[in-house]
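*Asks:* Structure here, sequence nowhere to be found:
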């Protein structure tokens, strides 16, 4: 199949906008499935994990292939819940175009904004679908206005709904000037009804005016007040969409099968093929200043990105990979440039949700699952041996919530360790560490739901019963002032001793992480021991000094030192640097940092006072309040995660169950002194 006939798309939106239902309808209408599954009865094709079926939400993004007209569409269904934001992040890194879904009643919701910003980061062209047009309170034009106001989307309606709420029965296509009326599974094509003609012409004129800015031919027709043919308008609108200049908006009601075939046509018409996306650029492995450019062609050097790992009970570990250039064959040897090691390709599978089809080779634009990969993890680049390069990896947000976990039965300790390692392998936003002092396993993730689902998977997939402690906040440690530390490490035992001497300056390095710089002059510490100093400090960073939390945002400058020709060794300098760093850290006014969450509450007007004062009591800082629907307001605030435990229950009580909220990580900032003292006491 020519590459121009391939579409790699993702569907992303706020929770409950109807992503999985839209996907089910796409699979039904493209003939991939014979029966439509529903989310509410746990039968959706894409939600094949037990936890997804029980909760009626999508947790893992699933990749599936289907055909429409004579095109192939690779579809990735992504979760909407903020705790699984890394799933959206990695899907956006490998798709070419996105369908952004909005609920016709809820409009632009907190997670819609997060997803939109993620798509901006990877410069993904997108079209909008306003779903649930048949629900009470649906307002198509209001949602388009919200997209422009809150997302800066340059959204233009390409369709006008015929009727709204219960009376939603069809759609007008403003470009083709046709209407479609839906009856059960059929759609009837007609002319635009008289009462909608003025509205459609007005919307078409606005679109022509916008597109004329980027297309000279349309500009001429516009000035001469001549009609713009549908084909010309379509191709100009496609160009503008691919350059992220406009967002075409469509409408439908997926649950009632309305508008899905028209959405599929729009995916072919307005979203990019791998050819449109163009060459992939990677940095040279040996010389980071040099770049490699690979066109999406089977004859170019091979390059691909692993974006997801799934542990499958039938075939073992599957590594989902997007191929950007070249040809991948089973049995071929490829280079993992992230790890700097070679990897042998085992079996190659194309995935149709639960079903898989084995193929012997895969080409640019393909999304395939590889079986038998030993080293490759999420975000790793695979390339040919001749062209060693690194592709842009995947942005992983920091984990903010921790739980202590022990096996219910003592003999399950090693089983628990293995299961957690597999889960951490699959999900880069999930971390596991073993605390040797307390002999406890600590897991950390993006939120309470995230960890709850992972514990559930331990039980059902790995048969490990785990006892879980109270959730706690993942603090960080840092310094607030400069300090110089001087330490001489000298141990004399029988035979060879240990000797090392370091002098270092510690400086705050806000928001920049850890940095190490070497200002040694005259070889007072030999070159081969400088990495040992850095290694000794890095080991200390992970363990923490103040209260055992990881240390961030510190710059260390190595100023001076001394060595002994016989007694100095790698280990001696590691030990010396670690102790020297600890001494300096305690002198540099250390503080604990706490995660601050960006919280958005949607509430009816009458509860606004109680909700705001409750957020203030939780040390919240109100950033904005805005009216987003008649009788309802949105409150945006920044609140420490420490104060957000149990908020869901309290919000329900405050608003008689009518308000809802969402939160995501914003940044780390210093804890107030009084609270820090309490935590250090504990």
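*Replies:* Now that the structure is in, tell me what you want to look at. As the structure is a computational prediction, the values presented were derived from the model and not from experiment.

*Asks:* Just the terminal-to-terminal distance for stretch 109-128.
*Replies:* 14 Å (CA to CA, to the nearest Å).

*Asks:* same deal with stretch 334-350?
*Replies:* For stretch 334-350, the first-to-last residue distance is 19 Å (CA to CA).

*Asks:* in that stretch, what's buried?
*Replies:* 334-338, 343, 345-350 (16 or more other CB atoms under 10 Å). In short, each C-beta sits where N, CA and C put it, glycine included.

*Asks:* Next, format the residues you listed as CSV and append distance to residue 137, secondary structure and pLDDT.
*Replies:* Shown next, in CSV, are these (distance: CB to CB, whole Å; DSSP: H, G, I helix; E, B strand; the rest coil; pLDDT from 0 to 100):
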residue, distance to residue 137, secondary structure, pLDDT
334, 52, strand, 93
335, 55, strand, 93
336, 51, strand, 92
337, 51, coil, 90
338, 48, coil, 87
343, 53, strand, 92
345, 52, coil, 91
346, 52, coil, 88
347, 50, strand, 90
348, 47, strand, 91
349, 44, strand, 87
350, 41, strand, 83
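
*Asks:* Please identify which of these is nearest to residue 667.
*Replies:* Set against residue 667, the nearest of the buried residues of stretch 334-350 by CB to CB is residue 338 (27.2 Å).

*Asks:* Surely residue 233 forms part of a helix?
*Replies:* Yes - under DSSP: H, G, I helix; E, B strand; the rest coil, residue 233 sits within a helix.

*Asks:* contacting residues around the nearest residue to it once chain neighbours are set aside?
*Replies:* Among residues not flanking residue 233 along the chain, residue 175 sits closest, at 5.5 Å (CB to CB, 6 or more residues apart in numbering). Applying CB atoms under 8 Å, 6 or more residues apart in numbering to residue 175 gives the contacts 158, 204, 207, 230, 233-234, 237.

*Asks:* same thing but 6 Å
*Replies:* 230, 233-234 (CB atoms under 6 Å, 6 or more residues apart in numbering).

*Asks:* Distance from the host helix or strand of residue 195 to the middle of the chain?
*Replies:* Per DSSP states H and E, residue 195 falls inside helix 194-212. Put simply, helix 194-212 sits 36 Å off its chain's centre (CA atoms, centre = their mean, to the nearest Å).

*Asks:* List the contacts of the following helix or strand past that helix.
*Replies:* Going down the chain from helix 194-212, the next helix or strand is helix 216-223, by DSSP H and E. Identification of contacts with helix 216-223 by CB under 6 Å, 6+ apart yields 208, 211-212, 228, 236.

*Asks:* same thing with stretch 310-321?
*Replies:* So stretch 310-321 is contacted by 304, 306-309, 368-371, 373, 376, 422 (CB under 6 Å, 6+ apart).

*Asks:* Adding distance to residue 249 as columns, could you present these in CSV?
*Replies:* As requested, the contacts of stretch 310-321 are exported to CSV (distance: CB to CB, whole Å):
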residue, distance to residue 249
304, 33
306, 34
307, 28
308, 29
309, 35
368, 32
369, 34
370, 37
371, 40
373, 40
376, 39
422, 42
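
*Asks:* List the ones among the residues you listed that fall in strands.
*Replies:* 304, 306-309, 368-371 (DSSP state E).

*Asks:* Tell me the pLDDT of residue 294.
*Replies:* Residue 294 carries a pLDDT value of 87.

*Asks:* Quick one: name whatever helix or strand follows the lowest-mean-pLDDT helix or strand in the chain.
*Replies:* Lowest by mean pLDDT, DSSP states H and E among the helices and strands of the chain is helix 50-55, with a mean of 40. Next helix or strand after helix 50-55 toward the C-terminus (DSSP H and E): strand 62-68.

*Asks:* From the chain's centroid, how far away is that following strand?
*Replies:* Counting by CA atoms, centre = their mean, strand 62-68 comes out at 21 Å from the chain centroid.

*Asks:* Give me the packing partners of it, helices and strands only.
*Replies:* strand 71-77, strand 347-352 (3 or more CB pairs under 6 Å, 6 or more residues apart in numbering; DSSP states H and E).

*Asks:* Residue 189: which of those strands is closest?
*Replies:* strand 71-77 (20.9 Å).

*Asks:* Shouldn't the residue nearest to residue 233 be within a strand?
*Replies:* No - Residue 175 is assigned coil when assessed by three-state DSSP, not a strand.

*Asks:* where do the helices sit along the stretch 301-450 of the chain?
*Replies:* Ranges of helices in the stretch 301-450 of the chain, per DSSP state H, counting those that start in this stretch, are 413-426, 448-461.

*Asks:* how about those helices, which one is nearest residue 589?
*Replies:* Minimum separation from residue 589 across the helices of the stretch 301-450 of the chain (CB to CB) falls at helix 448-461, 32.9 Å.

*Asks:* That closest one packs against which elements?
*Replies:* Other elements packing on helix 448-461 under the criterion 3+ CB pairs under 6 Å, 6+ apart are helix 50-55, strand 466-468.

*Asks:* Now do the buried residues in it.
*Replies:* Neighbour counts over helix 448-461 (16+ other CB under 10 Å) mark 449-458, 461 as buried.

*Asks:* Adding pLDDT, write those out as JSON lines.
*Replies:* Shown next, in JSON lines, are the buried residues of helix 448-461 (pLDDT from 0 to 100):
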{"residue": "449", "pLDDT": "73"}
{"residue": "450", "pLDDT": "78"}
{"residue": "451", "pLDDT": "83"}
{"residue": "452", "pLDDT": "82"}
{"residue": "453", "pLDDT": "80"}
{"residue": "454", "pLDDT": "85"}
{"residue": "455", "pLDDT": "86"}
{"residue": "456", "pLDDT": "84"}
{"residue": "457", "pLDDT": "82"}
{"residue": "458", "pLDDT": "85"}
{"residue": "461", "pLDDT": "79"}
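
*Asks:* and of those, the nearest to residue 137?
*Replies:* residue 449 (27.0 Å).

*Asks:* okay, the angle between the helix or strand containing residue 237 and helix 216-223?
*Replies:* Secondary structure from DSSP H and E places residue 237 in helix 230-242. Computed with axes from the mean of the first three to the mean of the last three CA atoms, to 10 degrees, the direction of helix 230-242 lies at 120 degrees from that of helix 216-223.

*Asks:* Can you give me the buried ones in helix 230-242?
*Replies:* For helix 230-242, using 16+ other CB under 10 Å, the buried residues are 233-234, 236-242.

*Asks:* closest one to residue 541 among the helices of the stretch 301-450 of the chain?
*Replies:* helix 413-426 (19.6 Å).
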